[in-house]
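>>> next come a sequence and a model predicted from it.
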Amino acid sequence: MSAEQMTSLVQRKARSGREAHAARAMSLARALRLTAAKQGEKMMSLSLSALGVTRQTCSGDDLTSRLDETSLILLMDGPGTQVAAAVLDHVLVAGLIQQQTMGKVFVTPEGETPRANTSTDAALCAPFIEGLMRHAAPMPEEEADGILLKGYRFGVWAKTPRQAKLALDANDYQVIEITLDMAAGARVGKLSLILPEPRAPSAATEESEEGGSEAAPTATLGDTVLGLHAELTIALTRFKMPLQSVRALKVGEVLDLNLSSMAHALVIDANGRAISRGTLGQIDGKRALQVEQEQTRRYAEPRRRASDREGLDLPDVTAGIDVSPDQRSQHEPEDLGVPDVSDIDIFGDMDDLPELPDMEEAAEQADAQMERLKELEKEAAAGSRSQAG
């Protein structure tokens, strides 16, 4: 056997080995095929098979052509702030809803007009998409393929392609199109997964992961607050001036501000309202404002504690009153002209009071009196009727 024949034989064996390995390897396309069939049977008892899986790279600016008005667009929240999209054509949406509501997928009629999608359609289709991506993510042998699908869950339904385009703000995307056969050919729909390219971890993230819990923050809250940029609008004074006079102002004219001190500067908000006041000056050659604390806010909160009494200027009513004999004698009734009524008998001689009748006898007397009053009323009524006749 010549060298050329030996090389050709080795190449054929290597090729057959690679093909056998490729057939056994779990690629992203194969993972999606198997997962789609399993999830269709598990979640909806639907016979579902993937007829084909294609994968393309697309830039964010070219996504408009892949977002159709008649398709159901589900935005998926991913790791960090990444947003993906699942686009289901109207044939696939109708099949999934028929299976879940009526237990059967009907054959697509000729000339079927796509209807408008609703939030109910999104709620019925979103669990299948979540299950497909979640269970297919750990299956591919290539780690990058698994990361592409990992960590996504349903976020919101995009009513229009424009809303979806605004949410999909990544630079590059992987577009995976899956052609799904439902109920042995009753319907054939298409699912498109628009997945952003995974972001590479930053150096700071890698260092924090390596350091674990021992990594300390580089800046405190105080440093962050002091580093914020704040703009203050300061007004030294305010006065009214006719618009005609303002228009007549010329370069070089001087306005009398009637200002003798910088201690009454006003801090103005964006609406022109004075929110505080202070003294305008400078520190280290830079303009500075010493803001005064408003006194009206000092007692904005109720002050009920014993520790708050020092600043309230209130008398102490908890301590006992120690009155000396001299002070007590100054307030005796004799000194104030008040007669002594301690020996007056306000009840008199209780023995002179008549005996009270028994309670039962008193009740009988009262009933008899009421009977007499009723008889008198009847006689008066009879007399009035006879006079009228």
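Good, I have the coordinates.
>>> which stretches of this protein have low pLDDT?
1-7, 9-10, 13-24, 200-219, 293-357, 387-389 (pLDDT under 70).
>>> pull the host helix or strand of residue 148 out as PDB, backbone CA atoms only.
Element membership for residue 148, per DSSP states H and E: helix 143-149. This file holds the C-alpha atoms of helix 143-149, laid out as PDB (Å, rounded to 0.1, in the frame of the first residue of the first chain):
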ATOM      1  CA  GLU A 143     -20.200  25.900  27.800                       C
ATOM      2  CA  ALA A 144     -20.900  28.900  25.700                       C
ATOM      3  CA  ASP A 145     -24.000  27.300  24.300                       C
ATOM      4  CA  GLY A 146     -25.400  26.700  27.800                       C
ATOM      5  CA  ILE A 147     -24.600  30.200  29.000                       C
ATOM      6  CA  LEU A 148     -26.500  31.500  26.000                       C
ATOM      7  CA  LEU A 149     -29.800  30.000  27.300                       C
END
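>>> could you say what helices and strands that helix packs with?
Applying 3 or more C-beta pairs under 8 Å, 6 or more residues apart in numbering; DSSP states H and E, one finds that helix 143-149 makes contact with helix 28-44, strand 187-196. From N, CA and C alone the C-beta is placed, and that goes for glycine too.
>>> helix or strand right after that helix?
From helix 143-149, the next helix or strand downstream (DSSP H and E) is strand 153-158.
>>> returning to what we had before: buried set for the helix holding residue 148?
Residues of helix 143-149 classed as buried by neighbour count (16 or more other C-beta atoms under 10 Å): 145, 146, 147, 148, 149.
>>> do you know which of the helices and strands packed on helix 143-149 lies nearest residue 64?
Residue 64 sits nearest to strand 187-196 of all the helices and strands packed on helix 143-149, at 11.6 Å, using C-beta to C-beta.
>>> so how far is the closest one off the chain centroid?
Mean C-alpha position of strand 187-196 versus that of the full chain (C-alpha atoms, centre = their mean, to the nearest Å) differs by 32 Å.
>>> what's next to that strand, contact-wise?
Contacts with strand 187-196, where a contact means C-beta atoms under 8 Å, 6 or more residues apart in numbering, come from 51, 58, 63, 66, 78, 82-89, 91-95, 105-108, 129, 133, 148-149, 152, 168, 170, 172-182.
>>> distance to residue 72 for the buried residues of helix 143-149 - can I get that in JSON lines?
Below are the buried residues of helix 143-149 laid out as JSON lines (distance: C-beta to C-beta, whole Å):
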{"residue": "145", "distance to residue 72": "25"}
{"residue": "146", "distance to residue 72": "26"}
{"residue": "147", "distance to residue 72": "26"}
{"residue": "148", "distance to residue 72": "22"}
{"residue": "149", "distance to residue 72": "19"}
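>>> and which of these is nearest residue 124?
Closest to residue 124, out of all of those and judged by C-beta to C-beta, is residue 149, at 21.5 Å.
>>> list the contacts for that closest one?
Neighbours of residue 149 in contact, by C-beta under 8 Å, 6+ apart: 28, 133, 136, 137, 193, 195.
>>> quick one on the thing from earlier: pick the most deeply packed of the helices and strands packed on helix 143-149.
Burial of these is given as mean neighbour count (mean count of other C-beta atoms under 10 Å); strand 187-196 ranks first at a mean of 21.
>>> neighbouring strands for that strand, and are they parallel or not?
Here strand 187-196 is paired, per DSSP bridges, with strand 83-88 (antiparallel), strand 172-182 (antiparallel).
>>> what angle sits between the last one and helix 28-44?
Using axes from the mean of the first three to the mean of the last three C-alpha atoms, to 10 degrees, the interaxial angle of strand 172-182 with respect to helix 28-44 works out to 50 degrees.
>>> repeat that for the first one.
Interaxial angle of strand 83-88 relative to helix 28-44 (the same axes, to 10 degrees): 70 degrees.
>>> next SSE after strand 83-88?
Remark: after strand 83-88, the chain's next helix or strand is helix 90-102, criterion DSSP H and E.
>>> could you pull out the helices for this structure?
3-24, 28-44, 90-102, 119-136, 143-149, 161-167, 203-211, 221-226, 243-247, 325-329, 333-336, 359-388 (DSSP state H).
>>> nearest to residue 277, out of these?
The closest of those to residue 277 is helix 221-226. By C-beta to C-beta, the value is 22.8 Å.
>>> pull out the buried positions in the closest one.
Counting neighbours by 16+ other C-beta under 10 Å, one finds that helix 221-226 has no buried residues.
>>> pick out the residue nearest the middle of the chain.
Nearest to the mean C-alpha position of the chain, by C-alpha atoms, centre = their mean, lies residue 155 at 14.9 Å.
>>> hmm, that residue is touching residue 83, no?
Yes. Assessed by C-beta atoms under 8 Å, residue 155 is found in contact with residue 83 at 7.1 Å.
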